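Undergrad: Got a predicted structure plus its sequence, pasted below:
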Amino acid sequence: MDCKDLQELLHRYVDGELAPDLRAEADTHLETCADCRRLVAEETAWQQAIHRAGPYYAAPDEVRRRIARLAGRPAFARPLWRGWAMAAALLLAVALSSGVTAYIVTGSGQEPLTQEIVTSHVRSLMADHLTDVASSDQHTVKPWFHGWLDYAPPVADTSDAGFPLIGGRLDYIDHRPVAALVYRRNQHPINLFVFPSDEADGAIRASVRNGYNIVHWTAHGMTSWAVSDVNAAELLAFAQLLQRQG
């Protein structure tokens, strides 16, 4: 896939509508093309702005019960795909007849959070606002968050491993202010978002979103999300280093 191909598929890529093989080709191209990454970032930022501007409503309990009853009806002798199609049509009809807009979400339950993480990373680059406090000293960066947050984010010194700390800033993720710690790998900034979580401790999970590599893990009541255009292997090494330091 080249730049022209990606630009023609840009909206479908950002909306997550590409077939897996095409999306894989697009992700591969984005790893080496800064111009296309910028286009994806701009489109993503616009999309997020539109989503934030529009209201979202939860379906009333009665609508949920009606949908559950309809979805549970057998498809009789119809082919399986037709049964699913009819169920989907019935769900939409119930929602529309009740004056409620239905949003059907596919994929991981963390997909909205993942997109929010990437958008915040992109916004920090576009606005040239990586740090509120610029320092390579963890003992300067960590106390800066006091008074801004109701928790103390762990701030690691990873400079000896080639990931120097360059500062931190206050960001807003998942409906709350959070710590964004900023590291660098060569010329690639890494945003590390750290905030409390009720999730159980777990292994590092890696993904790619809009051409950016992401790693995510939870430990000691804190969830950490690192995002960057640094290559996947180096970002994973960074996460493993932080996880070992605790």
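TA: Okay, I see it. Residues are numbered from 1 along each chain as shown.

Undergrad: Can you name the element that comes right after the helix or strand bottoming out on mean pLDDT in the chain?
TA: Ranked by mean pLDDT, DSSP states H and E, the weakest helix or strand in the chain is helix 80-97, scoring a mean of 47. Sequence-wise, the next helix or strand downstream of helix 80-97 (DSSP states H and E) is helix 111-126.

Undergrad: For that following helix, what is the distance to the chain centroid?
TA: The chain centre lies 6 Å from the centre of helix 111-126; the measure is CA atoms, centre = their mean, to the nearest Å.

Undergrad: list the buried ones in that helix?
TA: For helix 111-126, burial by neighbour count (16 or more other CB atoms under 10 Å) applies to 113-124. Every residue, glycine included, has its C-beta placed from N, CA and C.

Undergrad: Put together JSON lines for these, with distance to residue 211 on each row.
TA: Output for these, formatted as JSON lines (distance: CB to CB, whole Å):
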{"residue": "113", "distance to residue 211": "18"}
{"residue": "114", "distance to residue 211": "13"}
{"residue": "115", "distance to residue 211": "13"}
{"residue": "116", "distance to residue 211": "16"}
{"residue": "117", "distance to residue 211": "14"}
{"residue": "118", "distance to residue 211": "9"}
{"residue": "119", "distance to residue 211": "13"}
{"residue": "120", "distance to residue 211": "16"}
{"residue": "121", "distance to residue 211": "11"}
{"residue": "122", "distance to residue 211": "10"}
{"residue": "123", "distance to residue 211": "15"}
{"residue": "124", "distance to residue 211": "16"}
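
Undergrad: just those residues now: which is nearest residue 17?
TA: Of all these, residue 17 sits closest to residue 115, with 14.2 Å by CB to CB.

Undergrad: about what we covered before: would you mind giving the buried residues of helix 111-126 as a markdown table with distance to residue 148 and pLDDT added?
TA: Compiled in a markdown table, the buried residues of helix 111-126 are given as follows (distance: CB to CB, whole Å; pLDDT from 0 to 100):
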| residue | distance to residue 148 | pLDDT |
| --- | --- | --- |
| 113 | 21 | 89 |
| 114 | 24 | 90 |
| 115 | 24 | 89 |
| 116 | 19 | 90 |
| 117 | 19 | 92 |
| 118 | 23 | 92 |
| 119 | 21 | 90 |
| 120 | 16 | 91 |
| 121 | 20 | 92 |
| 122 | 22 | 91 |
| 123 | 18 | 89 |
| 124 | 16 | 90 |
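
Undergrad: Out of those, the closest to residue 193 would be?
TA: residue 117 (6.0 Å).
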